[in-house]
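*Asks:* give the three-dimensional model of this entry:
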Amino acid sequence: MAQLRHEYEQFAATNTEILVMAPNKPASLAKYVAAHPTPFPILSDPGARVAEMYGIEAIHAPFLTFFIGSMFVVDRSRRIRFADYNVPLVARPDDNKALSVLTAMA
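*Replies:* Here you go, the predicted structure:
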């Protein structure tokens, strides 16, 4: 999320809104946002139900759920124009790929 926060202006320049989905509970996310304000909303999905509907792999461990990194570009007609699924757990999606799709759409 930190990288998205730093690159937010690049996304905003393409008339794009960022929404982040995290497996954390709302109280946990509120603490994170209080310590690290973000210019975009972070949605809570602690049971990973919404994530799994979009094909985002969730790993359920005792007391913790992880999402395998994914990134989507969805246009105004709700079509997925770019999807980056199953990025390794230690990596994050490549923002430059999404930005190039967004720039081409503009």
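
*Asks:* for burial, what's the neighbour tally of the residue lying closest to His60 once chain neighbours are set aside?
*Replies:* The shortest distance from His60 to any non-neighbouring residue, by Cβ to Cβ, 6 or more residues apart in numbering, is to Ala48 (7.2 Å). C-beta coordinates here come from the backbone N, C-alpha and C atoms, glycine included. Look at Ala48: counted by other Cβ atoms under 10 Å, it has 18 neighbours.

*Asks:* what's the neighbour count on Val73?
*Replies:* When neighbours are counted by other Cβ under 10 Å, Val73 comes out with 20.

*Asks:* now do Ala104
*Replies:* 10.

*Asks:* can I assume it sits in a strand?
*Replies:* No - in this structure, Ala104 is helix, not part of a strand, as judged by DSSP: H, G, I helix; E, B strand; the rest coil.

*Asks:* look up how far Asp84 lies from it.
*Replies:* 16 Å (Cβ to Cβ, to the nearest Å).

*Asks:* picking up where we left off before, verify the stated contact: the residue nearest to His60 with Ala58.
*Replies:* Yes - between Ala48 and Ala58 there is a contact at 3.6 Å, judged by Cβ atoms under 8 Å.

*Asks:* identify the contacts common to those two.
*Replies:* 23, 65, 67 (Cβ atoms under 8 Å, 6 or more residues apart in numbering).

*Asks:* hmm, back to that, next one: phi and psi at the residue nearest to His60?
*Replies:* phi 60, psi 20 (degrees, to the nearest 10).

*Asks:* my read is Glu9 is in a helix, agree?
*Replies:* Yes - looking at Glu9 with three-state DSSP, it is inside a helix.

*Asks:* show me what contacts it?
*Replies:* Counted by Cβ under 8 Å, 6+ apart, Glu9 has zero contacts.

*Asks:* so what pLDDT did the one residue sitting closest to the centre of the chain get?
*Replies:* The centroid of the chain falls nearest to Val20 when counting by Cα atoms, centre = their mean (3.7 Å). Listed pLDDT for Val20 reads 83.

*Asks:* Ser28 versus the closest residue to it other than its chain neighbours, what's the distance?
*Replies:* Leaving out its chain neighbours, the residue that sits closest to Val20 by Cβ to Cβ, 6+ apart is Ile42, at 4.6 Å. Ile42 sits 10 Å away from Ser28, going by Cβ to Cβ.
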